[in-house]
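1. build me a model from this:
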Amino acid sequence: MTVLVSSIQEIARILREKHSFLLTTHVNPDGDGLGCEYGLYHVLRRLGKEVRVINAADLPENYAFLDGDVFETYDGSAHDSWIVSADVVMILDTNEMERIGDLGTVVQESEALKVIVDHHLHPSAVADLYFIDDQASSTGELVFSLLQELIGLNFGYEAALGLYTAIMTDTGSFRFPRSTPRVHRIVADLLEHGINPAHVYEAVYESYPLRRARLLGLMLRDITAVAGGRVTITTVTRAMFEEAGAVQEDVDDMVNYGLAIRGVEMTILLVETGKGVRMSFRSRGDVPVNELAVKFGGGGHCNAAGAFVSDTSLVDVRVRLEKELEDFISTRFGPESR
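-> Next up is the predicted model:
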């Protein structure tokens, strides 16, 4: 277990003693970051704290079952003065300041105590306190431990709903390797609060808008297989977004379709945005896609990683990717797989 923590007791003490808290997570927020924010928000509010959840992006539609009034979308004119005056900034599910988007600048300028809770590798030196375990299934697992230290197991329904959502989504509905016995014990404790697993799964994964289905069809139409079918590459262009009438959040989790093909051990999704190219990497077994993501300025876990290449074209990124893949495939799959 790799743990970087000032001490869980020290962070819990700060949660008890400080009054005003900003909670935020990474751009393109997912169930782990959003669920952790939601859980912490409700516990801290119950303790009489002033708490605001402010993110760089809107709440995705498939997480609207979490009370949307909790989540605010960053607006400098409306939020900067409050952020600067907050006692504590908690950054959840990322350990890089640039990953929280436009909030990064004002958070850095704030004299607030900065706390990072995360389960990703290679934390950057941007905070005062860290609670990081890169062997954890999710940031939700870590927030569970933190809140257990703070108030015991009496989370209340709303906080339990947030943490269940966080853990369920980041374990791939409990099918990823880090769905350990401890994770299932945690989930059992959360379910005791009245969580309906079927309702949460349906809301997150089975309530997408029609435009997403159209976008998915366009993406899968042009899927490419290399390395003898052991690697797939999928692409979503701006033209595809326009044809489907889709938006950036509709791409969430689409990378997994490239891995759900018999014989595929690694998949890469390239998404064209107005500011650059977003890259998502997934793999099975011991194929370390985080090593490939690092080549593009990103990172992550062995089986799940990402990167963002700014101010460049999709064509240029694809050319770079194919060059990097040659060496990577030879090293991991053997030269005969080229």
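
2. outline the domain layout of this protein.
-> 3-205, 210-337 (automatic domain parsing).

3. could you dump those domains to a markdown table with mean pLDDT and mean neighbour count?
-> No exception for glycine: its C-beta is placed from N, CA and C like everyone else's. Formatted as a markdown table, the domains of the chain follow (pLDDT from 0 to 100; neighbours: other C-beta atoms under 10 Å):
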| stretch | mean pLDDT | mean neighbour count |
| --- | --- | --- |
| domain 3-205 | 93 | 19 |
| domain 210-337 | 92 | 17 |
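
4. how close does residue 137 sit to residue 242?
-> Distance from residue 137 to residue 242, counting by C-beta to C-beta, to the nearest Å: 37 Å.

5. now find how far off-centre the host helix or strand of residue 188 is within its chain.
-> Residue 188 belongs to helix 181-191 when assigned by DSSP states H and E. The chain centroid and the centroid of helix 181-191 are separated by 20 Å under C-alpha atoms, centre = their mean, to the nearest Å.

6. which strands and helices sit next to it?
-> Counting contacts by 3 or more C-beta pairs under 8 Å, 6 or more residues apart in numbering; DSSP states H and E, helix 181-191 packs against helix 139-151, helix 157-170.

7. do that again at 6 Å, thanks
-> Packing partners of helix 181-191 (3 or more C-beta pairs under 6 Å, 6 or more residues apart in numbering; DSSP states H and E): helix 157-170.

8. mind listing the strands for this protein?
-> 3-5, 20-25, 50-55, 71-73, 88-92, 113-118, 129-133, 224-226, 231-236, 266-272, 276-283, 299-300, 304-310 (DSSP state E).

9. now tell me what touches the third one from outside.
-> Looking back up the chat, that one is strand 50-55. 19-24, 29, 37, 41, 44-45, 70-72, 74, 79 (C-beta atoms under 6 Å, 6 or more residues apart in numbering).

10. and the two most separated of the residues you listed?
-> Farthest apart among the contacts of strand 50-55 by C-beta to C-beta are 19 and 29. That separation is 25.4 Å.

11. contacting residues for residue 30?
-> Neighbours of residue 30 in contact, by C-beta under 6 Å, 6+ apart: none.

12. now it: how far from residue 111?
-> Residue 30 is 30 Å from residue 111, by C-beta to C-beta.

13. any idea how far residue 225 is from residue 262?
-> Relative to residue 225, residue 262 is positioned 11 Å away (C-beta to C-beta).

14. ugh, wrong one, I meant residue 231
-> According to C-beta to C-beta, residue 231 and residue 225 sit 7 Å apart.

15. likewise residue 190?
-> For residue 190, the distance to residue 225 - C-beta to C-beta - is 40 Å.

16. correct me if wrong: residue 118 contacts residue 92.
-> No - at 7.1 Å, residue 118 does not count as touching residue 92 under the criterion of C-beta atoms under 6 Å.

17. common neighbours of those two, please.
-> Listed contacts common to residue 118 and residue 92 are residue 139; contacts here mean C-beta under 6 Å, 6+ apart.

18. circling back to that earlier point, nearest to residue 279, of the contacts of strand 50-55?
-> Checking the contacts of strand 50-55 against residue 279 with C-beta to C-beta, the nearest one is residue 29 at 17.8 Å.

19. bridged to the nearest residue to the closest one once chain neighbours are set aside, which residues?
-> Closest residue to residue 29 apart from its sequence neighbours, by C-beta to C-beta, 6 or more residues apart in numbering: residue 55 at 5.6 Å. Listed by DSSP bridges, the beta-bridge partners for residue 55 are residue 73.

20. what's the distance between residue 55 and residue 134?
-> Residue 55 is 23 Å from residue 134, by C-beta to C-beta.

21. also residue 78?
-> 35 Å.

22. please apply the same query to residue 90.
-> 19 Å.

23. what sits against residue 181?
-> Residues near residue 181 by C-beta under 6 Å, 6+ apart: none.

24. before we move on, back to that, now the strands of the chain in a markdown table, with distance to residue 12?
-> Formatted as a markdown table, the strands of the chain follow (distance: least, C-beta to C-beta, whole Å):
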| stretch | distance to residue 12 |
| --- | --- |
| strand 3-5 | 11 |
| strand 20-25 | 13 |
| strand 50-55 | 16 |
| strand 71-73 | 24 |
| strand 88-92 | 12 |
| strand 113-118 | 11 |
| strand 129-133 | 10 |
| strand 224-226 | 49 |
| strand 231-236 | 42 |
| strand 266-272 | 38 |
| strand 276-283 | 34 |
| strand 299-300 | 28 |
| strand 304-310 | 29 |
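
25. nearest to residue 174, out of those?
-> The minimum distance between residue 174 and the strands of the chain falls on strand 304-310, with 15.2 Å, by C-beta to C-beta.

26. just checking, what packs against the closest one?
-> Packing partners of strand 304-310 (3+ C-beta pairs under 6 Å, 6+ apart): strand 276-283, helix 289-294.
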